[in-house]
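Undergrad: Take a look and give me a structure for this.
(chains A, B, C and D)
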Protein chains: 2
Amino acid sequence: MITDTETKRGYHHGNLKRALVLAGVEILEADGMALLSLRAIAARAGVSHAAPKNHFGCLRGLLTAIAAEGFRRHAAFMRAGLSAASGRKDRLNAAMQGYVRFAHEHKQLFMLMFSAQHCDFSDPDLNLAARASYDVLADISAGLDWDKANAPGGQRRTELMLWSFVHGFAQLSNSGLSGPLESGSMAEHLPFDIADIMPDFSYAPGPGPKTDEAR
Amino acid sequence: MITDTETKRGYHHGNLKRALVLAGVEILEADGMALLSLRAIAARAGVSHAAPKNHFGCLRGLLTAIAAEGFRRHAAFMRAGLSAASGRKDRLNAAMQGYVRFAHEHKQLFMLMFSAQHCDFSDPDLNLAARASYDVLADISAGLDWDKANAPGGQRRTELMLWSFVHGFAQLSNSGLSGPLESGSMAEHLPFDIADIMPDFSYAPGPGPKTDEAR
DNA sequence: CAAGCAAACTTTACATTGGCAATATATGTC
DNA sequence: GACATATATTGCCAATGTAAAGTTTGCTTG
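TA: Numbers count the residues shown, from 1 in each chain, chains lettered A, B, ... in the order given. All right, here's what the predicted structure looks like:
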């Protein structure tokens, strides 16, 4: 019987599909995107460079699978930081800080995860993983009335706003373009507390009239 | 005398450096990033594949120059949309909408502009161009008191917030990851009016009390 | 148990790519 | 006009992704 661990017996690998994804992540974290070639991944998994074709169609398919793994770790990362927070606002902040911290601690993987050049975003598996990651933020922001207009679809817009904001910051601070703009430590975490910049947000338990309690 | 236009006389090109950048942008817009090879760019400019080395060191250098050109067009794009707007709030909205619209109408170029894999963000020229683009948003947001805490460095933080927000939205809507989340038309422009989501921001001419003109 | 068969992996081959070195040609300066 | 320099070309190389054909393994079926 073949275990799920890194077993490998002779000709047949056992679980090459998983091994390739893991090898890819390792190379990504160790050497960066530039050295993440199909041949390098295959070599690290101990197979020939043509082996991946059986499990993923081409390089793009393999990179897509690696990105999906990245999204799963991304979601887990946010949830882990979340468990320490108690209040609703604290939880929201923790999730967003986790988002940025993951991007910072796994620059290359994060870069791949959002690279349309390398990944196929129409892939169901990647979509599912990305969606799960998005849902972490969405769940927390449930009931958060950030959209004062309270228009139909306001919840979705609030989620998308949160995501846009935190993702843009992560991307910019990672790119180094915001580097010359700000001093170093700022890039490692969100320099904003949601409660500071958005002092008027309020949690609305029901679809009642927008309360202006926070002013 | 050699003009700045697409002149080319015999062996020496005249202004190959510029021609290569333009050729790169054209290929990018027509065929996408996947076909943007050093050889393809050189061929389109009508020179051999080794010619670019004299002007840019390697492919990375050329791509960096193309990205810089992208940032200049990006800034010009925002400024163009800006001229139609009158009020301060309208101008802020116009700039942000312009940001997103440029990203949408020039997906590939926008992608390259923020790709750390292809560009050298430490390049002075690219930095200058990116900074100029950033300054469009920064100028408009001058005096915008978004940071309620009004802490020292609040202006910088406000700028960075705006940039993060609009850039994140552009990136996500371009990636198609927000596609399954929202209906199509939403991706083409910011579904938020700054005045809607931020009804309490106020322009502070001096350090006086924040006026509530925007409601 | 044997034969067949499909899946998994390897080997080989090939077109394309970016970079390097050597060479050729044009431009400018004395 | 001659020499130095900038500019561009040719030829070459290692590395890459993909495709096709060949080999091994494990499962199924008679």
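
Undergrad: okay but residue A:21 is in contact with residue A:64, surely?
TA: No - in this structure, residue A:21 is not within contact of residue A:64 by C-beta atoms under 8 Å, at 10.1 Å. Where you see a C-beta, it was placed from the backbone N, CA and C, and this is true even at glycine.

Undergrad: quick one, longest helix in chain A?
TA: Counting residues, the longest helix found in chain A (DSSP state H) is helix A:59-82.

Undergrad: could I have it exported to PDB, CA atoms only?
TA: Taking Å, rounded to 0.1, in the frame of the first residue of the first chain, the C-alpha atoms of helix A:59-82 are listed here in PDB:
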ATOM      1  CA  LEU A  59       4.000  23.900 -17.600                       C
ATOM      2  CA  ARG A  60       1.100  26.300 -17.300                       C
ATOM      3  CA  GLY A  61      -1.000  23.600 -15.800                       C
ATOM      4  CA  LEU A  62       1.700  22.800 -13.200                       C
ATOM      5  CA  LEU A  63       2.100  26.400 -12.300                       C
ATOM      6  CA  THR A  64      -1.600  26.700 -11.900                       C
ATOM      7  CA  ALA A  65      -1.600  23.800  -9.500                       C
ATOM      8  CA  ILE A  66       1.200  25.400  -7.500                       C
ATOM      9  CA  ALA A  67      -0.700  28.600  -7.400                       C
ATOM     10  CA  ALA A  68      -3.800  26.800  -6.100                       C
ATOM     11  CA  GLU A  69      -1.600  25.300  -3.300                       C
ATOM     12  CA  GLY A  70      -0.500  28.800  -2.600                       C
ATOM     13  CA  PHE A  71      -4.100  30.000  -2.200                       C
ATOM     14  CA  ARG A  72      -4.800  27.100   0.200                       C
ATOM     15  CA  ARG A  73      -1.800  28.100   2.300                       C
ATOM     16  CA  HIS A  74      -2.800  31.700   2.100                       C
ATOM     17  CA  ALA A  75      -6.200  31.000   3.500                       C
ATOM     18  CA  ALA A  76      -4.800  28.800   6.200                       C
ATOM     19  CA  PHE A  77      -2.300  31.500   7.100                       C
ATOM     20  CA  MET A  78      -5.100  34.100   7.500                       C
ATOM     21  CA  ARG A  79      -7.200  31.700   9.500                       C
ATOM     22  CA  ALA A  80      -4.300  30.900  11.800                       C
ATOM     23  CA  GLY A  81      -3.700  34.500  12.600                       C
ATOM     24  CA  LEU A  82      -7.400  34.900  13.100                       C
END
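
Undergrad: what are the C-alpha coordinates of the helix or strand encompassing residue A:161, in CSV please?
TA: Assigned by DSSP states H and E, residue A:161 belongs to helix A:154-175. This file holds the C-alpha atoms of helix A:154-175, laid out as CSV (Å, rounded to 0.1, in the frame of the first residue of the first chain):
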residue,chain,number,x,y,z
GLY,A,154,-23.5,46.5,-1.0
GLN,A,155,-22.1,43.5,0.8
ARG,A,156,-20.3,42.2,-2.3
ARG,A,157,-19.0,45.7,-2.9
THR,A,158,-17.7,45.9,0.7
GLU,A,159,-15.9,42.6,0.3
LEU,A,160,-14.4,43.6,-2.9
MET,A,161,-13.3,46.9,-1.5
LEU,A,162,-11.6,45.2,1.4
TRP,A,163,-9.9,42.7,-0.9
SER,A,164,-8.9,45.4,-3.3
PHE,A,165,-7.4,47.5,-0.6
VAL,A,166,-5.4,44.9,1.2
HIS,A,167,-4.3,43.2,-2.1
GLY,A,168,-3.2,46.4,-3.6
PHE,A,169,-1.1,47.3,-0.6
ALA,A,170,0.4,43.8,-0.5
GLN,A,171,1.3,44.0,-4.2
LEU,A,172,2.7,47.5,-4.1
SER,A,173,4.8,46.9,-1.0
ASN,A,174,6.1,43.7,-2.4
SER,A,175,7.0,45.2,-5.8
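
Undergrad: Check which helices and strands it sits against.
TA: If you count contacts as 3 or more C-beta pairs under 8 Å, 6 or more residues apart in numbering or on different chains; DSSP states H and E, helix A:154-175 packs onto helix A:88-105, helix A:107-113, helix A:124-140, strand A:144-145, helix B:154-175.

Undergrad: go again using 10 Å as the cut-off
TA: Contacting helix A:154-175 under the criterion 3 or more C-beta pairs under 10 Å, 6 or more residues apart in numbering or on different chains; DSSP states H and E are the following elements: helix A:88-105, helix A:107-113, helix A:124-140, strand A:144-145, helix A:194-197, helix B:154-175, helix B:194-197.
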